[in-house]
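Q: Sequence unavailable; structure follows:
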């Protein structure tokens, strides 16, 4: 593959996902990480993207598809009832990991003073608890993507390796009987670190995520303790999920 073609594919991929790791791009265009670095340097010189620690991000996204504020307007009523139901599952004085998904953010809004401490890579979640003296907030390191309201990258993953929580509240791009998927390799890296750092895993997924596959696999159903969803979620898939031993809570 010629350099021009690789660079076109890299830029095209970033137009879809907005940011990506070196490893993700290397697999995408089937070349070494060092070759991808050179391609990114050339694309950055053209103003097409900006290099970051461990990857690259698009300078001028064509849409707000991945922006936190835009995503948070989708299925807003469902996210509210799911968030309240998730918060009801948290016991007083538990440590809680909350990821950067918009539905997980709504769970944070209903936690109140229940959590002893909150660990998050979500800027909106950190900001929500910023003036709450009753909750200790631990924010991961990493690269900030302001539009997405998220911290990602190797530093974010590394910071979670020494942390522990009773519960992780997580969101994702899709769920099928094959497991959970999400849209970005960088998001998946930090979510997998969250899975290792918590005793109990709760996924909050509105009905649009069911029978849907996102870009990359995150985990199998065996990694999940509870799924919280809304009343519009497909009954057939819910029944199959329960057969696997996964607890499903219908909010509202």
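A: Received it, and whenever you're ready, just let me know what you need. Every value quoted in this text rests on a predicted model; they were computed, and no experiment measured them. Residues are numbered from 1 along each chain as shown.

Q: tell me the helices in the protein, going along the chain?
A: Assigned by DSSP state H, the chain shows helices spanning 3-17, 22-29, 33-45, 68-71, 76-89, 102-109, 123-128, 154-160, 185-197, 235-243.

Q: What residues sit buried inside the longest one?
A: This means helix 3-17. Buried residues in helix 3-17, defined by neighbour count with 16 or more other C-beta atoms under 10 Å: 6, 7, 9, 10, 11, 13, 14, 17. (Each C-beta comes from the backbone N, C-alpha and C, glycine too.)

Q: cool, and stretch 193-207?
A: So stretch 193-207, judged by 16+ other C-beta under 10 Å, has buried residues 193-195, 197-198, 200-207.

Q: ends of that stretch, how far apart?
A: Length of stretch 193-207, first residue to last, C-alpha to C-alpha, to the nearest Å: 26 Å.

Q: what about it, distance to the chain center?
A: Chain-centre distance of stretch 193-207: 10 Å, with C-alpha atoms, centre = their mean, to the nearest Å.

Q: How about stretch 219-226?
A: On C-alpha atoms, centre = their mean, the centre of stretch 219-226 falls 15 Å from the chain's centre.

Q: same question, stretch 167-176
A: The answer for stretch 167-176 is 8 Å, by C-alpha atoms, centre = their mean.

Q: And for stretch 163-173?
A: Distance of stretch 163-173 from its chain centroid, counting by C-alpha atoms, centre = their mean, is 10 Å.

Q: Which residues belonging to it are considered buried?
A: Buried residues in stretch 163-173, defined by neighbour count with 16+ other C-beta under 10 Å: 163, 165, 166, 167, 168, 169, 170, 171, 172, 173.

Q: Distance-wise, check residue 137 relative to residue 147.
A: To residue 147, residue 137 is 22 Å away according to C-beta to C-beta, to the nearest Å.

Q: ditto for residue 218
A: 22 Å.

Q: Looking at those two, which one has more neighbours?
A: residue 218 (23 against 16; other C-beta atoms under 10 Å).

Q: a markdown table for the buried residues of stretch 163-173, including pLDDT and distance to residue 35?
A: Shown next, in a markdown table, are the buried residues of stretch 163-173 (pLDDT from 0 to 100; distance: C-beta to C-beta, whole Å):
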| residue | pLDDT | distance to residue 35 |
| --- | --- | --- |
| 163 | 92 | 35 |
| 165 | 96 | 39 |
| 166 | 97 | 44 |
| 167 | 98 | 42 |
| 168 | 98 | 36 |
| 169 | 97 | 39 |
| 170 | 96 | 34 |
| 171 | 94 | 34 |
| 172 | 93 | 31 |
| 173 | 89 | 29 |
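
Q: Identify the residues contacting the nearest residue to residue 122 once chain neighbours are set aside.
A: Leaving aside its sequence neighbours, residue 122 sits nearest to residue 100 (C-beta to C-beta, 6 or more residues apart in numbering; 4.0 Å). By C-beta atoms under 8 Å, 6 or more residues apart in numbering, the contact set of residue 100 is 68, 120, 121, 122, 123, 125, 148, 149, 150, 151, 171, 187.

Q: Out of those, which is nearest to residue 131?
A: residue 125 (13.2 Å; C-beta to C-beta).

Q: How many residues are close by the closest one?
A: 28.

Q: That one is in contact with residue 106, isn't it?
A: No: in this structure residue 125 lies outside contact range of residue 106 using C-beta atoms under 8 Å: 10.1 Å.

Q: Next, count neighbours for the closest residue to residue 130 other than its chain neighbours.
A: Nearest non-adjacent residue to residue 130, counting by C-beta to C-beta, 6+ apart: residue 137, 7.1 Å away. By other C-beta under 10 Å, 17 other residues sit near residue 137.

Q: Also residue 102?
A: By other C-beta under 10 Å, 23 other residues sit near residue 102.

Q: Relative to residue 149, how far out is residue 12?
A: 25 Å.

Q: swap that for residue 17, please
A: Separation of residue 17 from residue 149 (C-beta to C-beta): 16 Å.
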